[in-house]
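Q: Quick one, fold the following:
(one chain, ligands or ions: 2)
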Amino acid sequence: MNSLVATSRNFRQAARLLGLDAKLEKSLLIPFREIKVECTIPKDDGSLASFIGFRVQHDNARGPMKGGIRYHPEVDPDEVNALAQLMTWKTAVVNIPYGGAKGGIGCAPGELTNSELERLTRVFTQKIHDLIGIHTDVPAPDMGTNAQTMAWILDEYSKFHGHSPAVVTGKPIDLGGSLGRDAATGRGVVFATEALLAEYGKSISGLTFVIQGFGNVGSWAAKLIHERGGKVIAIGDVSGALRNPNGIDIPAVIKHKAEGGVLKDFKGAGAMDANELLVHECDVLMPCALGGVLNRGNAADVKAKYIIEAANHPTDPEADEILSKKGVVILPDIYANAGGVTVSYFEWVQNIQGFMWDEEKVNMELQKYMSGAFKNIKGMCKTHDCNLRMGAFTLGVNRVARATLLRGWEA
Ligand SMILES: NC(=O)C1=CN([C@@H]2O[C@H](COP(=O)(O)OP(=O)(O)OC[C@H]3O[C@@H](n4cnc5c(N)ncnc54)[C@H](O)[C@@H]3O)[C@@H](O)[C@H]2O)C=CC1
Ligand SMILES: O=C(O)CCC(=O)C(=O)O
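A: Ligands and ions are numbered 1, 2, ... in the order given. Model (predicted):
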């Protein structure tokens, strides 16, 4: 199902549970602003290459719009729109003073050199610099982008507006990045998993995990699960998938990748069919890569008891229905992966204050926000007699609706 249709469907279901006025519902769904820009760069060989960049600013009722920038060949306007909308509900779920936005460029970052990526990022920034800003819209990394990408945006933006570290988060520590931001999404995923498992009298230790995606989110989640005694029995990325029923040595995989190795060539686990990864026998499944990977084609075959949505919208609504009938418990993206944007908020606060926190404080505050949000989601589940996805959606949508009503519409 189209990602925008799927996300809007979840929103509408939450709006109905909350009894929102139809006009308010419509206004919350329509994005504040959609930006589409053409970015042409000279490639290293002198030829020209053109790319389309997007930034969708979905809602700013609760504060500056916030969300990552994705570099991926499948980036399209509907997907960016859906991801921007998810950011609005996500920032409200963890109760940080932001709205939602998301950006992306349709490109294959792995096929561009570092200098081509730098030129592309700078051209994109030139085209959107007057529409982003510390108190309007604050980008961050997402799939295919990283701290270096944020450093280029910061530098290009600062040429127009003066030195502005708080205009992006997830930047290098040397440029005002926060300690703990690199690990934050994966760490938040693990805090969220612990909160969920505790409801069932379980903990990470001794359970089996399957993780799809071994980039920023997947590798940090895997590392922290491994450290807590969880057994990661299968992993995969764009190169392929690996399994080891005795548990994969995650620090060794991280070392292999840091030394330039490709995941599928790691020797401490056997190769497996990448399509089998999501339906592999395990206690906990963590999609940490693309959206829509759990769909009506594979949902019936999923064997995990818990799904932690570390990626954004990995579960299609059709799969959601099939999985819930099977009794699989799903921890939704707008809560499960909110640790990244939460520490982005801490980074922005530190930049504005001009005062750096130590990593212990960052991680402690993150845990507070994640466990507080889980309690609030459970409260909404009780109030509206609904599952965790609708608990999170009703929590987020209700906060945004209240802020919108309080601000009013007088011209
Ligand atoms: N980076 C962050 O702070 C946050 C990221 N997310 C979400 O988490 C997910 C992953 O993001 P990052 O780890 O930042 O991206 P990344 O670019 O660091 O890593 C992406 C991973 O997905 C893998 N992948 C790509 N295509 C694949 C395919 N067809 N099959 C299997 N694996 C594939 C890549 O090989 C890589 O391991 C995305 O859905 C993103 O929106 C959510 C919240 C915050
Ligand atoms: O850190 C941020 O501002 C946004 C992270 C993000 O893009 C996401 O949560 O999907």
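Q: From here on, just use CA atoms for contacts and neighbour counts.
A: OK.
Q: mind listing the strands for the chain?
A: 33-42, 48-59, 65-72, 100-106, 137-141, 208-212, 231-237, 240-243, 270-272, 284-287, 306-308, 329-331 (DSSP state E).
Q: other SSEs contacting the longest one?
A: Applying 3 or more C-alpha pairs under 8 Å, 6 or more residues apart in numbering; DSSP states H and E, one finds that strand 48-59 contacts strand 33-42, strand 65-72, helix 77-93, strand 100-106.
Q: Find the closest residue to ligand 2 in the stretch 101-250 of the chain.
A: Here the stretch 101-250 of the chain gets closest to ligand 2 at one residue, A140, 4.6 Å apart by C-alpha to the nearest ligand atom.
Q: can you pull the contacts of that residue?
A: A140 is in contact with K66, G67, G68, I69, M150, V168, T169, G170, K171, S344, counting by C-alpha atoms under 8 Å, 6 or more residues apart in numbering.
Q: And it, how close does it get to D78?
A: The gap separating A140 from D78 is 19 Å, by C-alpha to C-alpha, to the nearest Å.
Q: Over to K159?
A: Look at K159 and D78: by C-alpha to C-alpha, they are 31 Å apart.
Q: Near ligand 1, which residues of this protein are found?
A: Residues of the chain lying close to ligand 1 (C-alpha under 6 Å from any ligand atom) are 141-144, 185, 212-218, 236-238, 288-290, 310-312, 337, 340.
Q: just the buried members of those residues?
A: 141-144, 185, 212-218, 236-237, 288-290, 310-312, 337, 340 (16 or more other C-alpha atoms under 10 Å).
Q: and those, which of them are in helices?
A: Those of those mapping onto helices are T185, N216, V217, G218, G340, per DSSP state H.
Q: from those, which are also near ligand 2?
A: The overlap between these and the neighbours of ligand 2 (C-alpha under 6 Å from any ligand atom) comes to G340.
Q: Out of the ones in helices among the buried ones among the residues of the chain next to ligand 1, flag the one nearest to T208.
A: Lowest distance from T208 to these (C-alpha to C-alpha) belongs to G218, with 15.1 Å.
Q: In this structure the closest one contacts L290, no?
A: No: using C-alpha atoms under 8 Å, G218 makes no contact with L290, being 11.4 Å away.
Q: Return the set of residues that bridge with G106.
A: Going by DSSP bridges, G106 is paired in beta bridges with H72.
Q: give me every residue that touches it.
A: With C-alpha under 8 Å, 6+ apart, G106 has these contacts: F51, I52, G53, Y71, H72, P73, E74, V75, D76.
Q: Among those residues, find me the one that's closest to ligand 2.
A: Of all those, ligand 2 sits closest to Y71, with 11.7 Å by C-alpha to the nearest ligand atom.
Q: how much space between the closest one and C107?
A: Relative to C107, Y71 is positioned 6 Å away (C-alpha to C-alpha).
Q: neighbour-wise, which of these two wins?
A: Set side by side, Y71 and C107 show more neighbours around Y71, with 24 against 21, by other C-alpha atoms under 10 Å.
Q: pLDDT score assigned to the more buried one?
A: For Y71, the pLDDT comes out at 98.
Q: where does the stretch 51-200 of the chain have low pLDDT?
A: Counting by pLDDT under 70, not a single residue of the stretch 51-200 of the chain qualifies.
Q: now whichever residue of it sits closest to ligand 1, nearest residue through space, not along the chain?
A: Closest residue of the stretch 51-200 of the chain to ligand 1, C-alpha to the nearest ligand atom: M143 (3.4 Å). Using C-alpha to C-alpha, 6 or more residues apart in numbering and skipping the chain neighbours, the partner closest in space to M143 is R70 (5.0 Å).
Q: Can you tell me the number of residues neighbouring that neighbour?
A: R70 has 26 nearby residues by other C-alpha under 10 Å.
Q: what's the answer for K159, then?
A: 12.
Q: what does F160 give?
A: Neighbours around F160, by other C-alpha under 10 Å: 12.
Q: give the contact list for it.
A: Taking C-alpha under 8 Å, 6+ apart, one finds H129 in contact with F160.
Q: any idea which of the contacts of G106 is the one closest to D21?
A: Of all the contacts of G106, D21 sits closest to D76, with 30.5 Å by C-alpha to C-alpha.
Q: Quick one, grab the pLDDT at S239.
A: S239 is assigned 97 on the pLDDT scale.
Q: Phi and psi next, for it.
A: Dihedral angles of S239 (phi, psi; degrees, to the nearest 10) stand at phi -80, psi -20.
Q: Was I right to think it contacts K264?
A: Yes: proximity of S239 to K264 meets the contact threshold set by C-alpha under 8 Å, at 5.9 Å.
Q: Same drill for those two, tell me which one is more crowded.
A: Legend: neighbour count by other C-alpha under 10 Å for S239 and K264, higher for K264 (19 against 11).
Q: Could you list which residues are in contact with the closest residue to the more buried one other than its chain neighbours?
A: Counting by C-alpha to C-alpha, 6+ apart, K264 lies nearest to G240, which is 5.3 Å off, once chain neighbours are set aside. The contact partners of G240, by C-alpha under 8 Å, 6+ apart, come to L263, K264, A271, M272, D273, A274.
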